[in-house]
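A.B. asks: how would this look folded up:
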Amino acid sequence: MDIDAIKGISLVDFLHHLGYEPTGRDSKGLWFYAPYRNERKPSFHVNPRKNVWFDFGSGAGGDIFTLAGELCNSTDFIRQAEYIAEKMRMPISQPYKPEPFIEQPTFEDVKISQLVSPALLRYLANRGIPADIAQRYCVQVDYKLHGKNYYAIGFENSAHGFELRYPNKNKIQTSSVKPILCSQFYI
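C.D. replies: Sure, this is the predicted structure:
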C-alpha cells in the first residue's frame, strides 16, 4: 500500500469504484449523491482539479482519506488507507513493524577488585585525586568487551551497577545515572 499512489487516486474514480456517478456538473466540478448518507437532492461536490470534496448537506469535506474515513467510520489514517486500497483493488502490505530490541549482554568476565592498577592511579593523580581517596570510593573493574580485555575505574551507582571510566577519557556508562561525587573530587 503506497500512500503516494493513494493520494494520486482521483476522487471521481474512487466514487465510480464505489458505484456512484455524477448527477450534474458546474464550473468547478461534479455533483454526486453523498456516498455515506441518504439524500434526495445531490449535495456532494467534487472538485476534480484539486481532488477535494465538500458535502453541502453535512458541512464535511476534505481529500480522499477524509472521504474514506466517513465511509468506513474511522479517523485512523492507516484504516482509511486500507479501505481505499481495498476498494480500488490495490495490493495491501502490512505496515512496517520494527523487531523488538533485545539487549545482548556485552560485558563478560567482569571482576571487581581493589584499585591497584598503576595506569588507573596515575590517571586519577593527573586529575588531582589522591590514591587513598580513590581507593576508598572506587574499585578496579576488569572485563571483556566484544572479545577484548579492558580495565577501568569503577564506582557503584544508585542502581547497584558501576559507572566506568578509563584513562583515554572515554566513559562507558552501565546506567543512565550521572557519576557520583568522590569526596570533593569528580572522576
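
A.B. asks: Just give me the longest helix of this structure.
C.D. replies: Using DSSP state H to define each element, the chain has its longest helix at helix 77-87.

A.B. asks: Could you list every helix and strand that that helix packs against?
C.D. replies: helix 3-7, helix 11-17, helix 64-72 (3 or more C-beta pairs under 8 Å, 6 or more residues apart in numbering; DSSP states H and E). For every residue, glycine as well, the C-beta is placed using N, CA and C.

A.B. asks: Now do the buried residues in it.
C.D. replies: 80, 81, 82, 83, 84, 85 (16 or more other C-beta atoms under 10 Å).

A.B. asks: Not counting residues beside it along the chain, what's closest to the first one?
C.D. replies: In space, residue 80 comes closest to residue 68 once its chain neighbours are excluded; the distance is 4.1 Å by C-beta to C-beta, 6 or more residues apart in numbering.

A.B. asks: Tell me which residue is most central in the chain.
C.D. replies: residue 98 (9.4 Å; C-alpha atoms, centre = their mean).

A.B. asks: That residue - that's part of a helix, no?
C.D. replies: No - residue state for residue 98 (DSSP: H, G, I helix; E, B strand; the rest coil) corresponds to coil; a helix is not indicated.

A.B. asks: Below-threshold pLDDT in this structure: ranges please.
C.D. replies: Counting by pLDDT under 70, the ranges of the chain that qualify are 1, 94-95, 105, 168-187.

A.B. asks: before we move on, back to that, now distance to residue 138 too, for the buried residues of helix 77-87, in CSV please.
C.D. replies: Listed next are these as CSV, based on distance: C-beta to C-beta, whole Å:
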residue, distance to residue 138
80, 59
81, 57
82, 58
83, 62
84, 63
85, 61
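
A.B. asks: And those, which is closest to residue 135?
C.D. replies: Within the buried residues of helix 77-87, proximity to residue 135 (C-beta to C-beta) peaks at residue 81, which comes in at 63.5 Å.

A.B. asks: Can you give me the distance of residue 18 to residue 156?
C.D. replies: In this view, residue 18 and residue 156 are 67 Å apart by C-beta to C-beta, to the nearest Å.

A.B. asks: Good, we can wrap up now.
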